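Enquirer: Here's my sequence, what's the structure:
(chains A and B)
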Amino acid sequence: MNLNPLKKNLLLVGAADSLAGILGPLLAEEYQLFGIDSRPLPPTMKFPGRFLQVGYTTRRLDEVFRTVSFEALIHIGRISSLTETSRKERFEQNIYGTSNLLQLGLKHHIKQNIVLGTHLVYGAVPENPLYMREEDPLRASEGHAEIFDAIGVDLETRAFLWHHRQVKTTLLRPVHRIGPGCQSFFSSHLSQPYCPKLLGFDPLLQIIDERDTARAIYLALKNQIFGVFNVAGEGVISYSKAMAFAGTTPLMIPAFAAASVASLSRLMGHPVPIHLMNYLQYPVIVSDQAFRKAVGWEPKITTIESLKSLAPH
Amino acid sequence: MKQAETKVCPPKKISKKISDKIDQAVGPTNSAGFDPWGLKKETLLSSVGYSQWLYKNYFRVKTMGLQGLPPGRCMIVANHSGQLPFDAVMASTALILEAKPPRIARNMVDYWVPSLPFISGLMRQVGAVVGSPRNCLDLLEDDQCVMVFPEGTRGLGKPYAQRYQLQPFGTGFMRLALQAKAPIIPLAIIGAEEIYPWTFNIKSVAKMLGFPYFPVSPLTPFLGLFSAIPLPSQIVLRFGPPLVFQGDPDMSDQEVQVCIDTVRQVIESEIAEGLKVRKKMRRGRNFP
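Expert: Below is the predicted model of the structure:
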């Protein structure tokens, strides 16, 4: 079935994500969009296409692939560990779900896949080179297994990418996504009036505006690139400076009390998971040279503009 | 807007001349004022405001041979001593104040430095980078001036009795210089050995804190924190002529050692010359 014969069909997985609110309209000009998500569509969000709430490992998903012939699949629906989901659920939706989506795509002859990963998979350890490259080992789960679902998505996509080279598969690893409504770790925290900061530590960060992230995905789609790519915004910034621009007040936490604060933060409604505390101590900076070269990437939104979009609360 | 960043309070007066030199030395920065390596111009300016006072008035540094510093990528290889890295601070200050054009020394710091609260952020903002081979190579390929201390903490933490005796050099710096085709500038630092002459190393405390050494002065029980004040030892910096090595970066350790020995010998002879110069300076004679 083709909903509009003039436009090719595109499956957007994670259509209830705030990023889909920006990416959807960008893609809708050229594609007939079909959005799915394991979460319901937020009432404030209007998806420019058909939307279906469906789990990524359910049989209903098979039906979607059987009835619509998709040209490409974009997966931005990884469930964050900040959400109220169990580890089991995240593992199922993220790891098995990603694998299932890619395999269904293969079965139904989808020509192009784009999966949105995260640069958090590199892990925040003091030994990191300042600029992490795509081939570097993923060390995020060295101390905490909680983040393994993000690494799992990455590994599943990379395994698929090399096994099925006839399909143009792209894994993007964007840096901290920032934007109003964005549920990424730093965006959600910098949007709060108070933001945790480990006493004496001021790691370097890279951030990318959600509008730029949407552009990066669009460019990856249009250029039909193949492989793994880091995607970064405009340069680096220290965490304290980012907080200042976002207009939030630092809540100083001694490093030895980080675990206790992480436990308390969940009760207070703004979880700072213990497995993400390392990112408040050591930097994870990536080199996006490969992506710049492949698609001519140049971020349009400056770091300051992006951070200021989070303030006032 | 709230400013929560680790700050170095600016000294009262930073001359326009220093400010211009820093502007000249620092490359392009992003909208938030950071260069691609995390250096922040304002923090560097404040730090140089203090370090230039130490440079000119406290350690009375005399710098020689900077005219040979080539433009573009280069690797400064220096001896290391003095328990705390005042030698690196003085050499970095010399590169800003006296090099033409001024250069930012990208100091390669140990892996444990990012784990130090307060210090880690400050070091990064004044241009220091963790000394991993990848970082060093990336910096050289970015045409930066990298400063390395191949003796590492062996040199920095050595006792006063071993002053001016170079500790074994690692081989990594030479392989990186060969790979990046970067000239090596030997640097002899004379005077830093006498900054903390009477400290000793408490190994058990160092092990407990995860530090390579833990220097303590026997005067600490009497003077408290005042015992950490460095002695105003006069420092002489002697930059040697650029040494260009060619060869396969993956050559055997034995072959690399030949190149390293050349650098080592130059530093040793520069140290010997520097000690003579300093002796003359102490006697109030003119030096060459």
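Enquirer: May I have the secondary structure class of whichever residue of the stretch 201-313 of chain A sits closest to chain B?
Expert: Nearest residue of the stretch 201-313 of chain A to chain B: A:G235, at 3.1 Å (Cβ to the nearest Cβ). For the C-beta atoms, the positions are set from N, CA and C on the backbone; glycine is no exception. Reduced to three states with DSSP: H, G, I helix; E, B strand; the rest coil, the structure at A:G235 is coil.
Enquirer: And for A:N9?
Expert: strand.
Enquirer: re the thing from before, and the residue of the stretch 201-313 of chain A closest to chain B, what is it in contact with?
Expert: A:Q206, A:T303, B:T29, B:N30, B:S31, B:A32, B:F34, B:D35, B:P36 (Cβ atoms under 8 Å, 6 or more residues apart in numbering or on different chains).
Enquirer: Same check on B:A94?
Expert: Residues in contact with B:A94 (Cβ under 8 Å, 6+ apart) are B:Y55, B:V61, B:T63, B:L66, B:L237.
Enquirer: just to revisit the earlier point, take the contacts of A:G235 and lay them out in JSON lines including secondary structure, pLDDT and neighbour count.
Expert: Conversion of the contacts of A:G235 to JSON lines gives the following (DSSP: H, G, I helix; E, B strand; the rest coil; pLDDT from 0 to 100; neighbours: other Cβ atoms under 10 Å in any protein chain shown):
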{"residue": "A:Q206", "secondary structure": "coil", "pLDDT": "96", "neighbour count": "23"}
{"residue": "A:T303", "secondary structure": "helix", "pLDDT": "93", "neighbour count": "27"}
{"residue": "B:T29", "secondary structure": "coil", "pLDDT": "93", "neighbour count": "15"}
{"residue": "B:N30", "secondary structure": "coil", "pLDDT": "92", "neighbour count": "16"}
{"residue": "B:S31", "secondary structure": "coil", "pLDDT": "91", "neighbour count": "16"}
{"residue": "B:A32", "secondary structure": "coil", "pLDDT": "91", "neighbour count": "21"}
{"residue": "B:F34", "secondary structure": "strand", "pLDDT": "94", "neighbour count": "23"}
{"residue": "B:D35", "secondary structure": "coil", "pLDDT": "94", "neighbour count": "21"}
{"residue": "B:P36", "secondary structure": "coil", "pLDDT": "94", "neighbour count": "19"}
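Enquirer: nearest to A:S263, of the residues you listed?
Expert: A:Q206 (28.6 Å; Cβ to Cβ).
Enquirer: The closest one and A:N230 touch, don't they?
Expert: No: using Cβ atoms under 8 Å, A:Q206 is not in contact with A:N230, being 9.2 Å away.
Enquirer: Please, which helix or strand holds the spatially most central residue of chain B?
Expert: Taking Cα atoms, centre = their mean, the centroid of chain B lies closest to B:A88, which sits 2.1 Å from it. For B:A88, the host element (DSSP states H and E) is helix B:86-97.
Enquirer: how near is the spatially closest residue to B:P212 that is not a sequence neighbour to chain A?
Expert: Of all residues not flanking B:P212 in the chain, B:T153 sits nearest, at 4.0 Å (Cβ to Cβ, 6 or more residues apart in numbering or on different chains). Applying Cβ to the nearest Cβ, to the nearest Å, the value for B:T153 to chain A is 16 Å.
Enquirer: Surely B:T153 is in a strand?
Expert: No: B:T153 sits outside any strand when classified using three-state DSSP, being helix.
Enquirer: Could I get the full set of helices for the stretch 51-200 of chain A?
Expert: A:59-67, A:87-90, A:97-107, A:148-163, A:185-190 (DSSP state H, counting those that start in this stretch).
Enquirer: Using PDB, write out every CA atom in the fourth one.
Expert: Looking back up the chat, that one is helix A:148-163. Presented in PDB, the C-alpha positions along helix A:148-163 are these (Å, rounded to 0.1, in the frame of the first residue of the first chain):
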ATOM      1  CA  PHE A 148      24.100  -0.900  28.500                       C
ATOM      2  CA  ASP A 149      20.800  -0.500  26.600                       C
ATOM      3  CA  ALA A 150      22.300   2.500  24.900                       C
ATOM      4  CA  ILE A 151      25.400   0.500  24.000                       C
ATOM      5  CA  GLY A 152      23.100  -2.300  22.900                       C
ATOM      6  CA  VAL A 153      21.400  -0.100  20.400                       C
ATOM      7  CA  ASP A 154      24.700   0.900  19.100                       C
ATOM      8  CA  LEU A 155      26.100  -2.600  18.900                       C
ATOM      9  CA  GLU A 156      22.900  -4.000  17.200                       C
ATOM     10  CA  THR A 157      23.000  -1.300  14.600                       C
ATOM     11  CA  ARG A 158      26.700  -1.700  13.900                       C
ATOM     12  CA  ALA A 159      26.300  -5.500  13.600                       C
ATOM     13  CA  PHE A 160      23.400  -5.000  11.100                       C
ATOM     14  CA  LEU A 161      25.400  -2.300   9.300                       C
ATOM     15  CA  TRP A 162      28.300  -4.700   8.600                       C
ATOM     16  CA  HIS A 163      26.300  -7.800   8.000                       C
END
